[in-house]
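> show me how the following folds:
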Amino acid sequence: MKKQLIIPESSVYDNLKRSAKEYGSLCAVDYFGREISYRELIREVNRCACALIAIGVNRGDVVSVCLPNVPQAVYLLYAINKLGAVADMIDPYSSEKDIRERLIKSGSRYLFALVSISEKLENVISCADIKLAVTAAVSDEMPIVMKTGHLIKNFGKKKRKSAFMDWNGFISKASPTDRYISAHSTGETTAAYVSEEDNSQSICVSNKNFNDFAMYCLEECGNIDKADRVLAVLPVSHGFGIGTCIHSVFSVGGTAVILPNFNNNDIDKAIIRYCPNVIAGDSRMYKALADSSGLDGKDISFIKTAIMTGIGFEDALKKDIRELLRANGSVCSICRIVSLTEYIGKNQE
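Numbering: from 1, shown residues only. The predicted structure is shown next:
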């Protein structure tokens, strides 16, 4: 049965703030086993917003976020929105040409990017009007043991000198006196530019679009509940990835299990390790799952919903997925969600 949910007339940030107040102690983000509660998430978002103010971000500015599925990308999306600025969500694995075109098209003045692509970005920002660039690493927000292991593994490796500020240097600029500043953006105000699957072209998404799409996803699925774990492997730069696997999950107090550098062939391993109640992906992910034998003999009764998006979902693939899940104890519902672009198009007709 589909849920009847009230669509909030508020900003994307306000929607998260409401969830933080209601679900404070629950886990909002699981990152390699590090659990970030809603209370901690909103605190990090507010701290990030203070740091953005310190570097000069103002209402209406475009801030590019060229990061994979890491906590910093989530902090930035909501912090940028809090200030009434616009988040330009870019896939960090896009070509140098595509990234450059996105920066120029959006008129971005600030760039947050993955440290491993900083060399590529030096060529990019020379052609764009970037005031400040900040790099972040996938290890920055890892659990302490994993982060230590990562540092040991890379100990002794010669680091290339970077002209960019690092994440820790950026976040240290946050001033507590700015924590109450908010632009209160609502309705049709632009919240972000996002792309869709295999498409470097961006679409403009308003606060209302984001919140409406989140409610649409929850209504279509009908059984995503508080504390449910959702495997968020689609990029946060994509409309479906950020709208379905992040924003809609936060709206009901669920947990987004985020993974950077995800390989579709590892979907079975991710399911076994993180025990998600909800899995979501495109046809390539589900094809890899159908072809895998990694779930054979495993109890995956914890999966109650499988969300599909994009093209390529033939009846045979749906049947294979349904049979695979049922053979391993999961009697789940399978729902099809349209892309954010298609959803916005339908609702503007």
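
> report the longest helix in this protein, please.
helix 38-54 (DSSP state H).

> paired strands for the helix or strand just after that helix, with orientation please.
Note on helix 38-54: by DSSP states H and E, the next helix or strand toward the C-terminus is strand 62-66. Strand 62-66 sits in its sheet next to strand 86-89 (parallel), strand 110-114 (parallel), going by DSSP bridges.

> save the ones you listed as CSV, and put in mean neighbour count too.
C-betas here are computed from N, CA, C, even on glycine. Formatted as CSV, the strands paired with strand 62-66 follow (neighbours: other Cβ atoms under 10 Å):
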stretch, mean neighbour count
strand 86-89, 26
strand 110-114, 24
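
> which stretch among the ones you listed comes nearest residue 329?
Residue 329 lies closest to strand 86-89 among these, at 36.1 Å (Cβ to Cβ).

> contacts for the lowest-mean-pLDDT helix or strand in the chain?
Sorting the helices and strands of the chain by mean pLDDT, DSSP states H and E puts helix 144-153 at the bottom, at a mean of 79. Helix 144-153 is contacted from outside by 32-34, 139-140, 142, using Cβ atoms under 8 Å, 6 or more residues apart in numbering.

> chain center to the helix or strand just after that helix, what's the gap?
Following helix 144-153 in sequence order, the next helix or strand is strand 165-166 (DSSP H and E). Strand 165-166 sits 21 Å away from the centroid of its parent chain (Cα atoms, centre = their mean, to the nearest Å).

> now do the helix or strand that strand 165-166 is followed by: everything it contacts.
Counting by DSSP H and E, the element after strand 165-166 in chain order, helix or strand, is helix 167-171. The contact list for helix 167-171, computed with Cβ under 8 Å, 6+ apart, reads 47-48, 51, 55, 72, 134-137, 140.

> for residue 237, find the nearest of the strands paired with strand 62-66.
strand 86-89 (4.3 Å).

> the closest one: what's the following helix or strand?
helix 96-106.

> what's the local residue count around residue 319?
Using other Cβ atoms under 10 Å, residue 319 is surrounded by 11 other residues.

> for the one 3 residues further on, same thing?
Other residues near residue 322 number 16, with proximity taken as other Cβ under 10 Å.

> repeat for residue 14
Residues near residue 14, counting by other Cβ under 10 Å: 20.

> give the buried residues for the strand or helix carrying it.
Using DSSP H and E, residue 14 maps to helix 12-23. Buried residues in helix 12-23, defined by neighbour count with 16 or more other Cβ atoms under 10 Å: 12-17, 19-20, 23.

> against which helices or strands is that helix packed?
In terms of contacts (3 or more Cβ pairs under 8 Å, 6 or more residues apart in numbering; DSSP states H and E), helix 12-23 is packed against helix 38-54, helix 71-82, helix 207-221, helix 248-251.

> so which of those helices gets nearest residue 322?
helix 207-221 (15.7 Å).

> quick one: the closest one to helix 12-23, angle?
Comparing the axes of helix 207-221 and helix 12-23 via axes from the mean of the first three to the mean of the last three Cα atoms, to 10 degrees yields an angle of 50 degrees.

> quick one: buried residues of helix 207-221?
207-218, 220-221.

> can I get those residues in CSV with pLDDT and distance to residue 43?
Formatted as CSV, the buried residues of helix 207-221 follow (pLDDT from 0 to 100; distance: Cβ to Cβ, whole Å):
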residue, pLDDT, distance to residue 43
207, 92, 22
208, 91, 26
209, 92, 27
210, 91, 22
211, 93, 22
212, 93, 27
213, 94, 26
214, 93, 22
215, 93, 26
216, 94, 29
217, 94, 26
218, 93, 25
220, 92, 32
221, 90, 29
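
> much appreciated, bye for now.
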